[in-house]
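# Sequence first, predicted coordinates after that:
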Amino acid sequence: MEKIDSFTVDHNKLKRGIYVSRKDQFGDETITTFDIRTKLANQEPAMDIPAMHTMEHLGATFLRNSKEWADKTVYFGPMGCRTGFYIIFHGDLRSEDIIDVTKEMFDFMADFQGEIPGTNKIECGNYVSHDLTVAKWESDKYRKEVLSNLTDENLNYPQ
């Protein structure tokens, strides 16, 4: 059985950042999956589930309402290991191509005020599992510590 590509990344060397996780071809179209790594793998506590759930709702809402990115967005959601998120976009893209939209999304999440979108019993499968306060804190931490200081190490998987 072959290993999944993401299992070949040395998580001991992985920084927080924005990485191309994979590219898939569907006919003439390329779909790019990004690893939005918000936590140092195996070095710091994983994200709190209710906060991550809230970030999923806020991030998806932001992307689906973005004038530039709504039609390019395939998916935004959490990693099972709780150290980040996956974003899937239509197009053959590089990490550098999504820096601005990622910054805008984390600004939106960190500064969000009001009722979390899609969090009533009809709209959400676990509507009681949300934490806006911690979601905003996690988003602000990532934008200040990572997105404002991106280098090659934060945009390309370690070799």
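That came through fine.
# Please name the nearest non-neighbouring residue to the residue nearest the centre of the chain.
The centroid of the chain falls nearest to Phe85 when counting by C-alpha atoms, centre = their mean (3.2 Å). Setting aside the residues directly before and after it, Phe85 is nearest to Ile36 in space (C-beta to C-beta, 6 or more residues apart in numbering), at 4.4 Å. For every residue, glycine as well, the C-beta is placed using N, CA and C.
# Which strand or helix spans that neighbour?
Secondary structure assignment for Ile36, by DSSP states H and E: strand 29-37.
# Name the next helix or strand downstream of that strand, please.
Following strand 29-37 in sequence, per DSSP H and E, is helix 49-64.
# coming back round to it: who does the residue nearest to Phe85 form a beta bridge with?
With DSSP bridges as the criterion, the beta-bridge partners of Ile36 are Ile18, Phe85.
# what about it, neighbour count?
Look at Ile36: counted by other C-beta atoms under 10 Å, it has 27 neighbours.
# Assess the claim that it and Ile87 are in contact.
Yes. With contact defined as C-beta atoms under 8 Å, Ile36 counts as touching Ile87 (6.0 Å).
# Name the residues contacting each of the two.
Thr102 (C-beta atoms under 8 Å, 6 or more residues apart in numbering).
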